[in-house]
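A.B. asks: Show me the folded form of this:
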Amino acid sequence: MRDASWQARIECGGLVAGAGFLVTPSTVLTCAHVVQDSEPDTLTVSFPNRPDLPALPATVAVHGGWAGGTADPGDLAVLELAGEVPLRPARFAPPDAWHRPAEWVVEAYGFPAGYEEGQLARYRAVSTTRVAGQWVQLEAVTAHGQPLTEGFSGAAAALPDGRVVGMIAQRAGEPGVLVARMLPTETLARHWPGLGALVPARDDGEDPTPRLYELVRRAEATGLACSPDQLFVDAVGPFGPELPPGGFPSLRAAVGYVQWEVVPAAEALARLGDRLAELLDGPATGPARTAPSGDRAPILVEIDHSGAGADQVTVSVSAYRDGRRRPVGTARLARDEVREYVQRGIDRAFTHLAPDAEELLAFVLPRDLLNLPVAHWACSTDDPTPLGCAHPVVVNDRYRHHSGRLRHKLGKKWRKLSTGSGTPLHRVDCGTPEHPPGLRRRLGEQDAALVGFAAPPEGLPEHFAVGLTLPVPVLVWPRSGCPGPAGHPEPCPGTAFLDALAPCVEGVPAAELPRHIQALREEAEAAEEPGRHWARDVQLLWDDPRCFPEPPASLHSPVT
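C.D. replies: Below is the predicted model of the structure:
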């Protein structure tokens with residue numbers, strides 16, 4: 001703490017009442033109990049490390065709501081000086097600066113009796129646990145140093161490099177007990193929202209915080225109609241923290257939660273600022289990533305095992321526009337809650353698509369759920385139309401969707417397909433004598449782009465694994481029917497499926513297959529006996545990496 005010129009001394013009626021610290025050229029932060037007995041026109045602030053500056057009159061501009069008891073929250077006061085001082089204000093540490101509890105040593109500059117020029121005390125944080133959700137407990141680094149006595153209340157709690165992480169608020173009342181309490185920065189901001197704009201999200205690089213809070217100010221001044229919950233989801237991304245129960249009462253509350261609870265916060269705050277600027281000023285005019293051919297705009301639904309139990313899954317819904325992914329919602333759910341959540345999420349995702357975009361619903365599933373009947377799910381609780389009849393619906397394997405190696409190979413395959421017309425169907429019959437290594441060699445040598453299976457994944461698991469780990473862009477199979485070699489019936493429904501499928505898909509460009517399969521599903525649904533139509537249970541895995549550009553980097557580690 002080499003430059004301590006921003007450390008302030010608070011006097012009431014000419015007597016030292018406590019400490020404070022400069023946070024803007026005309027604003028000082030201190031404890032509410034330090035100024036509780038001040039009479040009008042008797043409150044002054046001086047800066048002991050700048051004796052050339054006269055003491056300035058001050059008024060209490062903001063009170064944190066402290067009710068007067070030692071356990072009452074909100075023990076802070078914001079003092080407005082009579083004029084600006086030519087000093088650099090205190091520098092705050094980012095919210096995630098405290099990440100090694102054993103090294104949380106803070107210094108406080110206070111004014112105990114007999115030391116009107118000031119005295120330093122060094123204390124260590126005991127734990128990350130907040131006492132009553134408000135305070136961080138401190139204990140002395142040594143038994144022989146300066147205790148936090150009267151005169152230290154309101155002092156900044158600063159790391160050794162001078163960055164402020166809180167404010168000293170209480171000391172132990174018992175003699176010889178060298179413990180105290182500080183209000184950490186996030187608690188101070190909870191009682192004085194204006195502090196949020198002064199705390200940077202990062203120490204290096206461009207800080208998104210000032211711009212974001214200016215956008216918040218504009219949004220509040222203009223009465224911008226927006227959803228704080230949706231902005232939060234957009235900011236943290238599909239694998240960020242879940243929306244708190246009950247959501248957010250205001251835009252500022254959502255911003256504060258991202259600032260203090262998301263670690264690291266910088267990228268999430270920048271993303272929130274970009275989205276808010278879009279709502280205020282319209283879409284940015286800068287270059288966007290190239291959208292896939294045909295202006296196809298996918299709505300992506302990712303379902304995965306949560307690790308919290310066999311019945312629990314994690315579901316996220318996103319929409320793509322202008323080649324950018326826009327998160328809609330993420331939740332951990334019981335399996336019987338998934339369908340309704342996805343229905344609502346898809347409906348919200350459509351609001352992110354361009355008006356003339358060609359939609360595509362893509363479900364990314366773990367391998368054991370690839371046969372999930374997502375195309376049969378109703379559009380909503382009020383609309384029983386199957387999703388697969390209302391929109392092109394495809395599935396994808398979670399592993400290959402996130403495999404950089406396969407995405408690269410699939411991208412090259414699609415570039416070849418874009419220059420040609422339809423592709424032949426490579427069959428894998430349920431009673432095939434072909435071993436998986438032989439299938440791998442055949443599909444590789446023939447540069448297969450479209451493979452049809454006569455049985456669902458559980459009927460031909462090893463053969464399916466070959467198709468999923470090769471860069472084959474399109475796989476098609478019947479969700480039900482032939483159980484595979486183990487229970488092979490005659491006549492074989494799987495063979496009948498492939499016989500009917502081949503003339504319907506061969507000659508169709510691969511890029512058009514999702515819309516083509518949708519038409520087949522509509523035809524089956526409209527048949528006199530829908531359950532007997534061969535295309536009733538068709539499942540389409542269609543994988544074009546160009547439709548799903550990834551963000552430059554993940555925001556942060558997935559929530560646990």
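
A.B. asks: can you map out the strands along the stretch 201-350 of the chain?
C.D. replies: Secondary structure of the stretch 201-350 of the chain (DSSP state E, counting those that start in this stretch): strands at 296-305, 312-321, 324-334.

A.B. asks: and the last one, which strands flank it?
C.D. replies: Same thing as strand 324-334. Using DSSP bridges, the strands paired with strand 324-334 are strand 312-321 (antiparallel).

A.B. asks: quick one: buried residues of the partner strand?
C.D. replies: The neighbour-count check on strand 312-321 (16 or more other Cβ atoms under 10 Å) flags 313, 314, 315, 316, 317, 318, 319, 320, 321 as buried. C-beta here means a position set from N, CA and C on the backbone, and glycine is covered the same way.

A.B. asks: from the chain's centre, how far out does that strand sit?
C.D. replies: Computed by Cα atoms, centre = their mean, to the nearest Å, the separation of strand 312-321 from the middle of its chain amounts to 12 Å.

A.B. asks: Next: stretch 65-84.
C.D. replies: Centroid displacement of stretch 65-84 relative to its chain, using Cα atoms, centre = their mean, is 33 Å.

A.B. asks: Send over it as PDB, restricted to the C-alpha atoms.
C.D. replies: Taking C-alpha atoms only, stretch 65-84 is exported to PDB below (Å, rounded to 0.1, in the frame of the first residue of the first chain):
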ATOM      1  CA  GLY A  65     -29.900   1.000   5.900                       C
ATOM      2  CA  TRP A  66     -28.000   0.200   9.100                       C
ATOM      3  CA  ALA A  67     -30.500   0.100  12.000                       C
ATOM      4  CA  GLY A  68     -28.000   0.700  14.800                       C
ATOM      5  CA  GLY A  69     -27.300  -2.800  16.200                       C
ATOM      6  CA  THR A  70     -24.000  -4.600  15.900                       C
ATOM      7  CA  ALA A  71     -25.500  -7.400  14.000                       C
ATOM      8  CA  ASP A  72     -27.600  -5.200  11.700                       C
ATOM      9  CA  PRO A  73     -26.700  -5.200   8.000                       C
ATOM     10  CA  GLY A  74     -26.000  -2.200   5.800                       C
ATOM     11  CA  ASP A  75     -23.400  -0.500   8.000                       C
ATOM     12  CA  LEU A  76     -22.000   1.800   5.400                       C
ATOM     13  CA  ALA A  77     -22.400   5.500   4.400                       C
ATOM     14  CA  VAL A  78     -21.500   7.300   1.200                       C
ATOM     15  CA  LEU A  79     -20.100  10.800   1.900                       C
ATOM     16  CA  GLU A  80     -20.300  13.500  -0.700                       C
ATOM     17  CA  LEU A  81     -17.500  16.000  -0.400                       C
ATOM     18  CA  ALA A  82     -18.000  19.800  -0.900                       C
ATOM     19  CA  GLY A  83     -15.700  19.600  -3.900                       C
ATOM     20  CA  GLU A  84     -13.400  17.300  -5.800                       C
END
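
A.B. asks: got the buried residues for it?
C.D. replies: Buried residues in stretch 65-84, counted by 16+ other Cβ under 10 Å: 66, 73, 74, 75, 76, 77, 78, 79, 81.

A.B. asks: Excluding chain neighbours, give the residue nearest to the fourth one in space.
C.D. replies: To tie it back to what came earlier, the one meant is residue 75. Computed as Cβ to Cβ, 6 or more residues apart in numbering, the closest residue to residue 75 that is not its neighbour in sequence is residue 66, at 4.3 Å.

A.B. asks: In CSV, list the buried residues of stretch 65-84 along with pLDDT and secondary structure.
C.D. replies: Shown next, in CSV, are the buried residues of stretch 65-84 (pLDDT from 0 to 100; DSSP: H, G, I helix; E, B strand; the rest coil):
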residue, pLDDT, secondary structure
66, 93, coil
73, 91, coil
74, 93, coil
75, 94, coil
76, 95, coil
77, 96, strand
78, 97, strand
79, 96, strand
81, 96, strand
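
A.B. asks: for the residue nearest to residue 75, what are its contacts?
C.D. replies: Counting by Cβ atoms under 8 Å, 6 or more residues apart in numbering, residue 66 makes contact with 32, 33, 72, 73, 74, 75, 76.

A.B. asks: how near is it to residue 170?
C.D. replies: 12 Å (Cβ to Cβ, to the nearest Å).

A.B. asks: Name the residues contacting each of the two.
C.D. replies: Shared contacts of residue 66 and residue 170, counting by Cβ under 8 Å, 6+ apart, come down to residue 75.

A.B. asks: For the residue nearest the centre of the chain, give me the pLDDT.
C.D. replies: Centroid-nearest residue in the chain: residue 236, 1.5 Å away (criterion: Cα atoms, centre = their mean). pLDDT recorded at residue 236 is 86.

A.B. asks: so what's the nearest residue to it once chain neighbours are set aside scoring on pLDDT?
C.D. replies: Leaving out its chain neighbours, the residue that sits closest to residue 236 by Cβ to Cβ, 6+ apart is residue 268, at 5.3 Å. Looking at residue 268, its pLDDT reads 91.
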